[in-house]
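> sequence first, predicted coordinates after that:
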Amino acid sequence: MVDIIRRVLTGLILVLGVTGQFEEEDKPYRGQLIGSLNSYHHQVSGDVYAVDADTLLLQNFVYDGNGKDTFFWAGSSNRPGSKGFIVPDKSGRTNVLDRYLNEEFTIKLPSQKKITDLKWFSVYDLTTQNNFGDLYISEGFEPPGYQTLTDIPGDTISSAAVVVIDSKTVKIPAFTYDGRGGEVYFYAGEGPQPSSKGFIVPDELGYLAPLGKYEKQEVILQLPGVKTIFQIDWLAVYNKETKKSLGHVIIPEQLNVPPSLVDVMPHDVGLPNCMMLHKNLMVGWDSFPPQLTIQLAGHIRDDEYMAFGPSGEQGQSIMKGGDVAVAYMDEYLGHVEDYNLTARAVCHSVLGRMGGACNDELLGGISSNQMHSATRKNGVTAITYRKTFGTLGDEGDIAIPENGAISIIWAIGKMAEKAHRIKEPSFHHTYTRQHTQIDFTNKERTNNCFAFNSDRKEILVPWDIPPIFDPTKRSFSARLGPAGGKRGFSGKTGLPSSSMVWFIEGLMVPELYLRRGLTYTFKIEGGGNPRSAEFYHPFIITDESVGGYDRLTEKQRSKIRVLAGLQFTRKHVPRPVDNVGRLCRWEHTELGDRRRDDEFNSFQRFRNNLNLHCDEGEAALLQVTPNVTWPDVVYYHSYTTPYMGWKIHIVDNFRRRPSFGSANKAGGSCVLAGVVVVLVRWGWHS
């Protein structure tokens, strides 16, 4: 009988132990537990974790707030006392502590202080010198920190030593890969070596597409969804087609790394099928032909849109010719609008006919998307709409087959305000990178979606693009070039961008300085084909900052002063004059990828990775003479397309040199004697 009781008790203890182990594994990782606060007064309690070398996390912290002069207090003496220092509260302030009730937050030690320097941490009243609660930090305690592993060896790839930054983030320094391996991805999983049972890790830009070319590039990866470094045994560069690893690194168990500070945002589309298009975008669907229900859900900014629809060409994912739904939130109101994509440009008139990314209704069609619901919750924007498989007689729509797959396209970009409360999509910054197909009527359900993760708090500093300030200069070349991602046009101006912007003297939208009374010549090469919605950009100067004068209503035009580039007929119809030249543009190389523009740490490196291509023909010569009636700041633009140009400063003389540090948002002060110096410095010659 005694043996039976012993066996039952032993089994019960084992079950409880295993259950406790699983509960411990299910808890979110918060870092290394230092201990629980000893409570003496004012209900102080809670657990304290080390997040990194100088950051503490307090979990379930309680304090009644009734102390008169109470602070977080730490020191290196044998016990809490008057010899110590204040640790700023959760807001980073050294104010007297308020009331806390089961709160979780991080606090950072003052400058130059480290957790390894401390012997204790307490909640302490300085006036009464009373210790309300404390804990002691054991000698030899090691707070979490970066952990360096081995490099990734391989025949076609190489890297420096891999670094685990936190529980969800891995850095691969000096990563090199020729981009020609086919279905090659960053891959992770469990087991002694890489296998097909692993999962794709989004690349450094969040794409789930095969890897492109890398050359000694620093790559920072974020594990998808709820995955953490503690759930994988290896990280590989893996070929899904051949099921072989090109190179991998083993992840040791129980790495002492900081917890990830990104937000994990689970989202259920509530539909039978779901496909992850990007780490920040998923599409769900349900079909009952001829009706199709679609939900677009994304971790996007409040001023951004999601676009999704059939490709312009079947067999590949092509934007031009596509038929997409553009979904966005305008404050609390959801919108889903039908757009036809005839060119890589915003919608504008081309010889009396609308072209570019145009709302179907502007092209004489109908909107085939019926809004069902729209929510913005916990960092996720979700818009559900219904449409038919057919076109309902709209020639601009593309029919979705009721049997078989269709090539699709998708994009994320920023909404621009065309007029008060009238919005339109600007050029996208994230978009289809590989051929993607969906069979909307497939009886086998699809679901590869995972939780959204917030982006790491990386600060993308706009490129330092120097202004052109040269008293001797009288002519400027004006060509076209790519907008350069978040570090380029948008970072410099704070505006949405077009697909192309003006490059003046080889510089992306530099600020110009012109003197009143002097005549300047602009050599314009922005395209002279008026039938092209994408490559027809007469150069104009106005007193407003957006451009695209040709698209504006009479009421909008009445508020704008055109200073150069247009003449008006007796009926006040604008006509471009001396500003339509051949097409000359900087463009990405064959292996270049516009989506990776932000990876260039300087405009010089970005520009040096572009090629200049010019059509046959001549440049247009536009002469401009600023006079006393011109405002101090005017803008150069494209006549047809907004968000392509920037500022011209009109000065009375060049004796006083302006402060370029404040005028140029791209960064530090850049005082140059003239554009000749600029050209020599950057190594460019027009």
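Arrived safely, thanks for sending.
> give me the phi and psi for residue 382.
As for residue 382, its main-chain torsions (degrees, to the nearest 10) stand at phi -130, psi 130.
> number of nearby residues for the closest residue to it other than its chain neighbours?
Nearest non-adjacent residue to residue 382, counting by CB to CB, 6 or more residues apart in numbering: residue 297, 4.1 Å away. Backbone N, C-alpha and C define where each C-beta goes, glycine included. Around residue 297 sit 26 other residues, with neighbours defined as other CB atoms under 10 Å.
> gap between residue 297 and residue 309?
Per CB to CB, to the nearest Å, residue 297 is found 16 Å from residue 309.
> equivalent analysis for residue 599, please.
Distance, residue 599 to residue 309, by CB to CB: 29 Å.
> would you tell me which strand is longest in this protein?
Ranked by number of residues, the top strand in the chain under DSSP state E is strand 406-419.
> neighbouring strands of that strand in the sheet, and parallel or not?
Paired neighbours of strand 406-419 in the sheet (DSSP bridges): strand 304-310 (antiparallel), strand 422-431 (antiparallel), strand 436-438 (antiparallel).
> is it true that residue 98 touches residue 65?
Yes. In this structure, residue 98 is within contact of residue 65 by CB atoms under 8 Å, at 5.3 Å.
> give the residues shared as contacts by these two.
Contact criterion CB atoms under 8 Å, 6 or more residues apart in numbering; no residue bridges residue 98 and residue 65 by contacting each.
> coming back round to it: which one of residue 599 and residue 309 is surrounded by more residues?
Using other CB under 10 Å as the criterion, residue 599 and residue 309 rank with residue 309 on top: 25 against 18.
> what pLDDT does the model give the closest residue to the more buried one other than its chain neighbours?
Spatially, and ignoring its direct neighbours in sequence, residue 309 is nearest to residue 324 (3.4 Å; CB to CB, 6+ apart). Looking at residue 324, its pLDDT stands at 95.
> likewise for the one 3 residues further on?
At residue 327 the predicted local distance difference test score is 97.
> my read is it is in a strand, agree?
Yes. Per DSSP: H, G, I helix; E, B strand; the rest coil, residue 327 lies within a strand segment.
> hmm, it is touching residue 294, no?
No. Contact criterion CB under 8 Å: residue 327 and residue 294 do not qualify, at 9.2 Å.
> overlap of the contact sets of these two?
308, 385.
> lowest-scoring secondary structure element of the chain by mean pLDDT?
helix 675-682 (a mean of 35; mean pLDDT, DSSP states H and E).
> buried stuff in stretch 428-441?
Across stretch 428-441, burial judged by 16 or more other CB atoms under 10 Å covers 428-433, 436, 438, 440-441.
> just stretch 234-248 next, same as before
234-239, 245-248.
> tell me the one of those residues nearest residue 652?
When those are compared for distance to residue 652 (CB to CB), residue 237 wins out at 60.2 Å.
> for the longest strand of the chain, the distance to its chain's centre please.
Distance of strand 406-419 from its chain centroid, counting by CA atoms, centre = their mean, to the nearest Å, is 15 Å.
> so for it, what's the average pLDDT?
The model assigns strand 406-419 a mean pLDDT of 91.
> ditto for stretch 550-567
pLDDT averaged over stretch 550-567 gives 93.
> distance from the chain centre to that stretch, please.
Chain-centre distance of stretch 550-567: 34 Å, with CA atoms, centre = their mean.
> now do the helices in the stretch 551-686 of the chain.
554-557, 603-608, 660-663, 675-682 (DSSP state H, counting those that start in this stretch).
> in contact with residue 603, which residues?
Residue 603 is in contact with 463-465, 484, 488, 507-508, 666, counting by CB under 8 Å, 6+ apart.
> tally of neighbours for the closest residue to residue 581 other than its chain neighbours?
Spatial nearest neighbour of residue 581, chain neighbours left out: residue 620 (3.6 Å); criterion: CB to CB, 6+ apart. The number of residues packed near residue 620 is 22, by other CB under 10 Å.
> what's opposite residue 620 in the beta bridge?
Note on residue 620: beta-bridge partners residue 524, judged by DSSP bridges.
> out of the contacts of residue 603, which comes closest to residue 643?
Nearest member of these to residue 643, counting by CB to CB, is residue 488, at 11.6 Å.
> tell me the bridge partners for the closest residue to that closest one other than its chain neighbours.
Using CB to CB, 6+ apart and skipping the chain neighbours, the partner closest in space to residue 488 is residue 508 (5.9 Å). Judged by DSSP bridges, the bridge partners of residue 508 are residue 503.
> check contacts around residue 508.
463, 465, 481, 483-484, 488-489, 492, 501-502, 603, 607.
> closest one of those to residue 402?
Comparing those against residue 402 with CB to CB picks out residue 483 as the nearest, at 39.6 Å.
> measure the closest one to residue 645 for me?
12 Å.
> what do the two both touch?
Common neighbours of residue 483 and residue 645 (CB under 8 Å, 6+ apart) are residue 501.
> the two - which one has more neighbours?
residue 645 (28 against 25).
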